[in-house]
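Asks: Next one to model:
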Amino acid sequence: MKIIVQNLATEYQDNGAGKIILFLHGWRDDLRTFDSLVPVLSSTYRCVRLDLPGFGQTELPREAWDVGRYVQFVKSFIQKLNIEVDILVGHSFGGRIAIKGTATKSLQPHKIILIGSAGIAKSRTVHNSILKVAAKIGGLITYVPPLLFWRRELRKKMYGYIGSDYGNAGALRETFLKIISEDLSENAKQITVPTLLIWGADDTETPLSDGEQLSRLIPGSRLKVVHGAGHFVHRERSEEVIKLVQEFI
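Replies: This next block holds a predicted model:
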């Protein structure tokens with residue numbers, strides 16, 4: 001289904017009836033990432049999910065956005081649908097939006113569930129700084145003859161060496177840099193609603209140590225670790241994740 005939010009054509013799905021669960025996907029992902037959860041949960045709850053701007057079938061933002069702008073977009077989406085969110089679920093980048101939105105009261109769910117959530121940036125401060133410098137140098141150096149001829153290959157190798165999503169971000173590169181530079185530790189401390197964290201023990205994108213740190217920062221939160229699963233724990237161990245969600249809500 002399509003709806004216009006902040007002048008952007010936005011793709012979303014709305015299934016089931018009852019208390020509302022709003023799902024926010026991760027970076028370079030889309031609403032289909034929750035396909036294994038929704039059929040079961042929508043038998044009891046109303047499950048709403050959307051493609052965030054720049055992903056899936058939703059239009060690109062017309063300028064570089066930070067986490068706060070995505071929060072405002074989600075707020076506008078909620079208002080457009082005229083719904084009250086009971087449970088906010090955020091995976092990875094979607095977790096960033098859930099953390100900042102809930103902490104600032106821009107989003108007001110009754111409970112939140114963070115799945116392999118991003119947001120802890122301190123452990124990556126040096127890496128992120130190198131990434132920003134490399135991105136700028138990579139853009140400049142490849143315009144210098146005779147490097148211009150090998151520009152694409154040089155950039156590919158540089159971003160591959162860094163090991164980041166930056167090289168694949170396309171039109172969202174500046175947005176990506178804005179997002180990874182923000183540490184949400186202080187926001188996490190301001191969350192006052194019941195919070196469940198679900199983490200794959202083998203997550204290499206947002207390691208378990210991030211989940212443990214978030215659990216310490218968010219008052220009264222609970223961390224559940226799923227062994228044998230990685231960053232996409234909700235796909236890899238969907239039955240276990242569904243059980244954890246149902247027990248929590």
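Asks: just the strands in this structure please.
Replies: 2-5, 8-15, 20-24, 46-50, 87-91, 111-115, 195-200, 222-226 (DSSP state E).
Asks: Give me the helices and strands touching the second one, please.
Replies: Of the remaining helices and strands, those touching strand 8-15 by 3 or more Cβ pairs under 8 Å, 6 or more residues apart in numbering; DSSP states H and E are strand 2-5, strand 46-50, helix 67-81. C-betas here are computed from N, CA, C, even on glycine.
Asks: Export these to JSON lines and append columns for mean pLDDT, mean neighbour count and distance to Thr206.
Replies: Output for the helices and strands packed on strand 8-15, formatted as JSON lines (pLDDT from 0 to 100; neighbours: other Cβ atoms under 10 Å; distance: least, Cβ to Cβ, whole Å):
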{"stretch": "strand 2-5", "mean pLDDT": "98", "mean neighbour count": "14", "distance to Thr206": "27"}
{"stretch": "strand 46-50", "mean pLDDT": "98", "mean neighbour count": "23", "distance to Thr206": "20"}
{"stretch": "helix 67-81", "mean pLDDT": "98", "mean neighbour count": "19", "distance to Thr206": "15"}
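Asks: Helix or strand with the lowest mean pLDDT in this structure?
Replies: Within the chain, no helix or strand scores below helix 125-141, which has a mean of 48 by mean pLDDT, DSSP states H and E.
Asks: before we move on, the earlier item: and of the helices and strands packed on strand 8-15, who's closest to Ile242?
Replies: strand 46-50 (11.6 Å; Cβ to Cβ).
Asks: And for that closest one, what's in contact with it?
Replies: Under the criterion Cβ atoms under 8 Å, 6 or more residues apart in numbering, residues 10-25, 31, 34, 37-38, 41, 58, 77, 81, 83 lie in contact with strand 46-50.
Asks: the domain parsing of the protein - what is it?
Replies: Following automatic domain parsing, the chain resolves into domains at 2-121+184-248, 124-176.
Asks: Excluding chain neighbours, what is closest to the most centrally placed residue in the chain?
Replies: Nearest to the geometric centre of the chain sits Phe93, at 1.6 Å (Cα atoms, centre = their mean). Nearest non-adjacent residue to Phe93, counting by Cβ to Cβ, 6 or more residues apart in numbering: Trp27, 4.1 Å away.
Asks: Give the closest residue to Glu212 in space, chain neighbours not counted.
Replies: Leu223 (6.6 Å).
Asks: who touches Ser36 in this structure?
Replies: 234-235, 238 are the contacts of Ser36 under Cβ under 8 Å, 6+ apart.
Asks: What of Lys189?
Replies: 103, 217-219.
Asks: Of those residues, keep whichever come out buried.
Replies: Buried subset of the contacts of Lys189 (neighbour count, 16 or more other Cβ atoms under 10 Å): 103, 217-218.
Asks: circling back: which one of the strands of the chain lies closest to Tyr70?
Replies: Once the strands of the chain are compared by Cβ to Cβ, strand 20-24 is nearest, at 8.7 Å.
Asks: and the angle for the closest one with helix 67-81?
Replies: Using axes from the mean of the first three to the mean of the last three Cα atoms, to 10 degrees, the inter-axis angle of strand 20-24 relative to helix 67-81 is 140 degrees.
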